[in-house]
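**Q** A predicted structure for the sequence below; I have some questions about it.
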Amino acid sequence: MKTENRERARGNVAGRTMLGVVPVVTLALAGCGGSGGGSGSTVVAHGTITEFTIPTPNSGVGGISAGPDGKLWFLEGHAGVNKIGKVGGNGQFTEYQLPAGTSFPTGIVNGPDGNLWYNDESSHLGRVTTAGVVTQFPATDPSQLTVGPDNNLWVCEFNGQKIDAYSTAGALVHSYSSGTTPANLQLEWITAGPDGNLWFDTFSGDNIVKMTTAGVATAYVESPTLQGTLRQITKGPDGNLWACVQDAGANQIAKITTSGTVTTFTIPTANASPYGITTGPDGNLWFTESTGNKIGRITTAGVITEYSIPTANSAPIGITAGPDGNVWFTEQNGNKIGRIIP
């Protein structure tokens, strides 16, 4: 069993709102590894990466989500920082201080109520309006969250062996046993699946679990197919679930059918440490390589193309499809928000 070691974006500073257009680095990149990228040194729109520096130094940027206001919203979680920020396509940032008592904000989603929602490691759910007004609600040991098909917020309890559903009023609506095998596994990432169910993974053990909105759980034990931790799980454009597989020698992207069958695809870069994954506007899956320092694209047929990030050792973590038709990602060590043209 894996030991508890949550690789979360960490942070905490005081401060209020910060506005500004910051230095930008742009690089048009050819694909490396796999197929489907450009070749040679010709500058082309496809694969172009632009980086925007976050105003707060060493912010510990992690999770990112497209907001209802056309901005990209992200979490800053290093000790002493604890902010939520937004950035527009021109690189203009605004940052808001999270309330006292917040520690290590991790997951962030675009809520069904026109607000952003996040969770932190000090047992809160947070609601953030597009004007930056933050309201916190108590939650039990939340690790990640998603918007369910019932328009509630579904949250994994990391050590509690439960999945909780909260309304957009911040009230606990349901709490269900996780149904893992064995029962004491730690829970981390969760997403709404293409089949109208919730899907989540286990940080310890090798389970992938399907749960109905009525709390009926079906656990799929994936050993020995999956030998590593799933770092994120998302709904794909092909009616399947897709996930990053990390550690224990794994260096893969996994496709999971709604009947629990897993197919893995090896990333060309060794020890890439894939972390975040999202469906792009081009109908492919896009993922971050936190150690490989690349952004990867995988087709639904499993063909992988990789793009190097201009900033060395930037540690890309979170990734999301933007409202502008591009893919956006966070650079934890580089302290930047990146944009890649698909």
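**A** Cool, got the structure.
**Q** Return the residues in contact with the nearest residue to residue 289 once chain neighbours are set aside.
**A** Sequence neighbours aside, residue 272 is the residue nearest to residue 289 in space, at 3.9 Å (criterion: Cβ to Cβ, 6 or more residues apart in numbering). Where C-beta positions appear, they are placed from N, C-alpha and C, glycine not excepted. Counting by Cβ atoms under 8 Å, 6 or more residues apart in numbering, residue 272 touches 251, 289, 290, 291, 292, 294, 296.
**Q** can we see that at 10 Å?
**A** By Cβ atoms under 10 Å, 6 or more residues apart in numbering, the contact list for residue 272 reads 33, 244, 246, 251-253, 266, 287-294, 296, 304, 306.
**Q** Can you go through these and name the buried ones?
**A** 33, 244, 246, 251-253, 287-294, 296, 304, 306 (16 or more other Cβ atoms under 10 Å).
**Q** Where does pLDDT dip in the stretch 201-342 of the chain?
**A** For the stretch 201-342 of the chain, the stretches with pLDDT under 70 are 227, 248.
**Q** all strands for it, in order.
**A** Assigned strands in the stretch 201-342 of the chain, in chain order: 207-211, 217-221, 229-235, 241-247, 250-256, 262-266, 274-279, 285-289, 294-298, 304-308, 316-321, 327-331, 336-340 (criterion: DSSP state E, counting those that start in this stretch).
**Q** Tell me which of these sits nearest to residue 128.
**A** Residue 128 lies closest, by Cβ to Cβ, to one member of the strands of the stretch 201-342 of the chain: strand 316-321, at 15.7 Å.
**Q** Report the separation between the two terminal residues of stretch 266-283.
**A** 20 Å (Cα to Cα, to the nearest Å).
**Q** For that stretch, which residues meet the burial criterion?
**A** When burial is assessed from 16+ other Cβ under 10 Å, stretch 266-283 yields the following buried residues: 267, 269, 272-282.
**Q** Just put those in JSON lines and tack on distance to residue 63.
**A** Listed next are the buried residues of stretch 266-283 as JSON lines, based on distance: Cβ to Cβ, whole Å:
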{"residue": "267", "distance to residue 63": "22"}
{"residue": "269", "distance to residue 63": "23"}
{"residue": "272", "distance to residue 63": "20"}
{"residue": "273", "distance to residue 63": "17"}
{"residue": "274", "distance to residue 63": "16"}
{"residue": "275", "distance to residue 63": "11"}
{"residue": "276", "distance to residue 63": "8"}
{"residue": "277", "distance to residue 63": "13"}
{"residue": "278", "distance to residue 63": "12"}
{"residue": "279", "distance to residue 63": "16"}
{"residue": "280", "distance to residue 63": "18"}
{"residue": "281", "distance to residue 63": "20"}
{"residue": "282", "distance to residue 63": "22"}
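**Q** Looking at those, spot the one nearest residue 217.
**A** Distance to residue 217, by Cβ to Cβ, is smallest for residue 277 among these, at 22.9 Å.
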